[in-house]
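K.L.:
sequence and predicted structure below; questions after.
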Amino acid sequence: MINEILQVKIIRNYCSRLNLSENCVRKIEEICDTFLKKKYMSNSGVNPRTFLAGAIYISSAMCRESRTEEDVANALGTTPASLRKGKAVILDELKL
């Protein structure tokens, strides 16, 4: 329960930095929940921040609120190359 609350706060914090809508935030939470429920996180070899950067990037594009890889990476304190790794894992594993 504490992890879920912390997860939501962290996601919302990063999304507010990028001025993403509530609809987009829900999509990001949905991707994260699906990924965690299927236990991909422990087997993917991707840093959680890298994963979240990928989820935010994908969700913002799906919600037509696109942000550049650089903007998302900077907001999360990672690199565009790391973001692309997280994005690739999500797209591959969740068949998005």
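P.N.:
Nice, I can see it. These numbers come from a predicted model, not from an experiment. Numbers count the residues shown, from 1 in each chain.
K.L.:
use CA for all of it now, contacts and neighbours both
P.N.:
OK.
K.L.:
what degree of burial does the closest residue to Arg17 other than its chain neighbours show, as a neighbour count?
P.N.:
Nearest residue to Arg17, sequence neighbours excluded (CA to CA, 6 or more residues apart in numbering): Ala75, at 6.6 Å. When neighbours are defined as other CA atoms under 10 Å, Ala75 has 17 of them.
K.L.:
can you check the one 3 residues further on too?
P.N.:
Thr78 is surrounded by 15 other residues when neighbours are defined as other CA under 10 Å.
K.L.:
ok, the one 5 residues further on next?
P.N.:
Counted with other CA under 10 Å, the neighbours of Leu83 add up to 25.
K.L.:
mean confidence score for the host helix or strand of it?
P.N.:
Leu83 is part of helix 80-94 when elements are defined by DSSP states H and E. Average pLDDT, helix 80-94: 90.
K.L.:
name the helices or strands packed onto it?
P.N.:
Applying 3 or more CA pairs under 8 Å, 6 or more residues apart in numbering; DSSP states H and E, one finds that helix 80-94 makes contact with helix 48-62, helix 69-76.
K.L.:
what angle separates it from helix 48-62?
P.N.:
Angle, helix 80-94 to helix 48-62, by axes from the mean of the first three to the mean of the last three CA atoms, to 10 degrees: 70 degrees.
K.L.:
now do helix 80-94 and helix 69-76, the angle between them.
P.N.:
Using the same axes, to 10 degrees: helix 80-94 against helix 69-76 is 100 degrees.
K.L.:
buried stuff in helix 80-94?
P.N.:
80, 82-90 (16 or more other CA atoms under 10 Å).
K.L.:
in the chain, which ranges drop under the pLDDT threshold?
P.N.:
Low-confidence segments of the chain, defined by pLDDT under 70: 1-6, 39-44, 96.
K.L.:
Asn19 is in contact with the residue nearest to Arg17, correct?
P.N.:
No: taking CA atoms under 8 Å as the definition, Ala75 is not a contact partner of Asn19, at 10.9 Å.
K.L.:
which residues touch Leu52?
P.N.:
11, 32, 86 (CA atoms under 8 Å, 6 or more residues apart in numbering).
K.L.:
does the second one really touch Ala53, like I thought?
P.N.:
Right, Cys32. No: assessed by CA under 8 Å, Cys32 is found out of contact with Ala53, at 10.9 Å.
K.L.:
having no further points to raise, I will conclude here.
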